[in-house]
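K.L.:
coords please:
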Amino acid sequence: ALAGCVLAGKPGAGLRRRALSGLPGALRHTVGPDGGHASRSAEAGMELLLDLLTLDEALGQISEPPLEALTTAIARLTEGLRLLTLPDGRLISFQGGGPSHVERVAAARAHDESVSEGVVAAPSGEVAGYRRLHGALLTVVADTAPVAPGPWSETACAQPMALEIACGKDRLITGSGWTPRAADRAGLRLTPGHSTLTLGEQSLGEPLGGWKGDLLGPRLVGRPVHVGAEYRQAEGAVWLEMEHDGWAVPFGLMHQRRLYLDQRLDELRAEERLHPSPGHEEIVRAIAAPYAVRFHLEPGVQASLARDKRSILLRGHSGRGWWFRTDGPDVAVEPSVHIDAGLTRRSLQIVVRGSARTDAETKIRWKLSPAGATGDPE
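P.N.:
Numbering: from 1, shown residues only. This next block holds a predicted model:
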């Protein structure tokens, strides 16, 4: 369509006409009513928005009437981009989408009236299966939906209920940052590659390889994972409860993640709950399963383990301190890697390890709160 706008005469008009006739159908499949991209990648949605804005401008330059499907898609993607942008001016990093750059995100949002008027955009809500919670300083984004289906899963990651947490403009907890620009690090698409729970160090999916991968692309394949979520709010607090059944077949367990954000104290309290899955009681399996709850840290974030071996002091680029506390049996700060614009950078991760019985309930609690509060560990 852009080429048709640039070329003069009948060749350009014919090319433009053919392209624009197919555009509405393509946009219906690609852009959801909430402004999310079908791949569930925030970066893919932003790049599409930039392309559509360019096309809209080009059509205006040649005095073509506005295309309704184009205008609608731009409006939806703009709304979605508000929620998918964190306070540091970059995008959330889930499902193969990187954070991009502040300048590029700003360019995609330059036409957004809420930005030009100085309004704080999209403090809470849901787009493309991502639920956003916010306090005065804390911003939490959770992945509450299954991976994209079929061809859209070529950039998907098997990381249900993953989290990204920003404290002010400091992005503290994130994922490995995998994008297609780091195709040689496809292992980061597996479940341990983001801030979520794994059992037996297994993954809930993996990229398609071999001749099938060459033919169909590196789609994510594995057992279907069903994810449910419930959001509630009251004065000064919000709750988010999520659950998925990905571990039901191999271990007979369901994983439930409960988040409670106290907006007055800027304190996030959470509980990871593993409990027997209905209908899988008769499956012969091990009586115990080792678990690991990972919290990947943004490169440059400092992490210091306190003497109580249950608390970790986190400091982002601003120098502001936050306490991460947990009642998990084994807590450690370990090396990790983070993909930034296709390049691998060193980072850290908090890992809470233990063993869960497959015939009983297991709970792991953790909390993130501002440093300096009464009762801080030494």
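K.L.:
just the buried residues of the helix or strand containing Gly80, please?
P.N.:
With elements taken from DSSP states H and E, the one containing Gly80 is helix 68-83. If you call a residue buried by 16 or more other C-beta atoms under 10 Å, then helix 68-83 has these buried ones: Ala69, Leu70, Ala73, Ile74, Arg76, Leu77, Thr78, Glu79, Gly80, Leu81, Arg82, Leu83. Backbone N, C-alpha and C define where each C-beta goes, glycine included.
K.L.:
and the nearest residue to Thr78 once chain neighbours are set aside, what pLDDT?
P.N.:
Sequence neighbours aside, Asp112 is the residue nearest to Thr78 in space, at 5.4 Å (criterion: C-beta to C-beta, 6 or more residues apart in numbering). The score at Asp112 is 85. That number is its pLDDT.
K.L.:
from the buried residues of helix 68-83, which single one is nearest Pro146?
P.N.:
For the buried residues of helix 68-83, the closest approach to Pro146 (C-beta to C-beta) belongs to Gly80, at 18.3 Å.
K.L.:
who's in contact with that closest one?
P.N.:
Gly32, Asp34, Gly35, Gly36, His37, Gly45, Val127, Ala128 (C-beta atoms under 8 Å, 6 or more residues apart in numbering).
K.L.:
same list (those residues) but as TSV, adding secondary structure.
P.N.:
As requested, these are arranged in TSV below (DSSP: H, G, I helix; E, B strand; the rest coil):
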residue	secondary structure
Gly32	coil
Asp34	coil
Gly35	coil
Gly36	coil
His37	strand
Gly45	helix
Val127	strand
Ala128	coil
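K.L.:
now render the residues you listed as TSV, adding distance to Pro276, pLDDT and neighbour count.
P.N.:
Converted to TSV, the contacts of Gly80 look like this (distance: C-beta to C-beta, whole Å; pLDDT from 0 to 100; neighbours: other C-beta atoms under 10 Å):
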residue	distance to Pro276	pLDDT	neighbour count
Gly32	35	95	18
Asp34	34	93	15
Gly35	38	94	22
Gly36	33	95	27
His37	36	97	26
Gly45	38	97	28
Val127	33	93	26
Ala128	31	94	27
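K.L.:
contacts for the longest helix along the chain next, please.
P.N.:
Scanning the chain for the helix with the most residues, using DSSP state H, yields helix 9-30. Residues outside helix 9-30 that contact it (C-beta under 8 Å, 6+ apart) are 1, 3-7, 37-38, 48, 64, 67-70, 72-73.
K.L.:
mind listing what's buried along that helix?
P.N.:
For helix 9-30, burial by neighbour count (16+ other C-beta under 10 Å) applies to Leu15, Arg16, Ala19, Leu20, Leu23, Leu27, Thr30.
K.L.:
pLDDT of it, averaged?
P.N.:
Mean predicted lDDT for helix 9-30 stands at 92.
K.L.:
again, but for stretch 138-148
P.N.:
Here the average pLDDT along stretch 138-148 is 96.
K.L.:
buried residues, it. List them.
P.N.:
Leu138, Thr139, Val140, Val141, Ala142, Asp143, Thr144, Ala145, Pro146, Val147, Ala148.
K.L.:
which of these fall in strands?
P.N.:
Those of the buried residues of stretch 138-148 mapping onto strands are Leu138, Thr139, Val140, Val141, Ala142, Asp143, per DSSP state E.
K.L.:
what separation is there between Gly80 and Ser311?
P.N.:
For Gly80, the distance to Ser311 equals 37 Å [C-beta to C-beta, to the nearest Å].
K.L.:
one more: Val140?
P.N.:
20 Å.
K.L.:
cool, Ser195 as well?
P.N.:
18 Å.
K.L.:
which one's more surrounded, those two?
P.N.:
Ser195 (23 against 18; other C-beta atoms under 10 Å).
K.L.:
that one against Cys157, yeah?
P.N.:
No. With contact defined as C-beta atoms under 8 Å, Ser195 and Cys157 do not form a contacting pair (11.8 Å).
K.L.:
who touches both of the two?
P.N.:
Joint contacts of Ser195 and Cys157 (C-beta under 8 Å, 6+ apart) are Gly175.
K.L.:
check contacts around the most centrally placed residue in the chain.
P.N.:
The centroid of the chain falls nearest to Phe94 when counting by C-alpha atoms, centre = their mean (3.1 Å). Neighbouring residues of Phe94 by C-beta under 8 Å, 6+ apart: Arg40, Ser41, Ala42, Tyr130, Val141, Asp143, Cys157, Gln159, Ala162, Glu164, Gly175, His194.
K.L.:
these in strands, which ones?
P.N.:
Using DSSP E, the contacts of Phe94 in strands are Tyr130, Val141, Asp143, Glu164.
K.L.:
what would these look like in TSV with distance to Ala292?
P.N.:
As requested, those are exported to TSV (distance: C-beta to C-beta, whole Å):
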residue	distance to Ala292
Tyr130	23
Val141	21
Asp143	18
Glu164	18
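K.L.:
what is the nearest of the residues you listed to Gly200?
P.N.:
The closest of these, once distances to Gly200 are taken by C-beta to C-beta, is Asp143, at 21.2 Å.
K.L.:
how deep is the spatially closest residue to the closest one that is not a sequence neighbour tucked in, by neighbour count?
P.N.:
Nearest residue to Asp143, sequence neighbours excluded (C-beta to C-beta, 6+ apart): Ala162, at 4.7 Å. Neighbour count of Ala162, defined by other C-beta under 10 Å: 27.
K.L.:
got it, and Pro149?
P.N.:
12.
K.L.:
residues in contact with it?
P.N.:
Contacts of Pro149 by C-beta under 8 Å, 6+ apart: none found.
K.L.:
one more time with 10 Å, if that's ok
P.N.:
Residues in contact with Pro149, defined by C-beta atoms under 10 Å, 6 or more residues apart in numbering, are Ala38, Ala156, Arg219, Leu220, Pro224.
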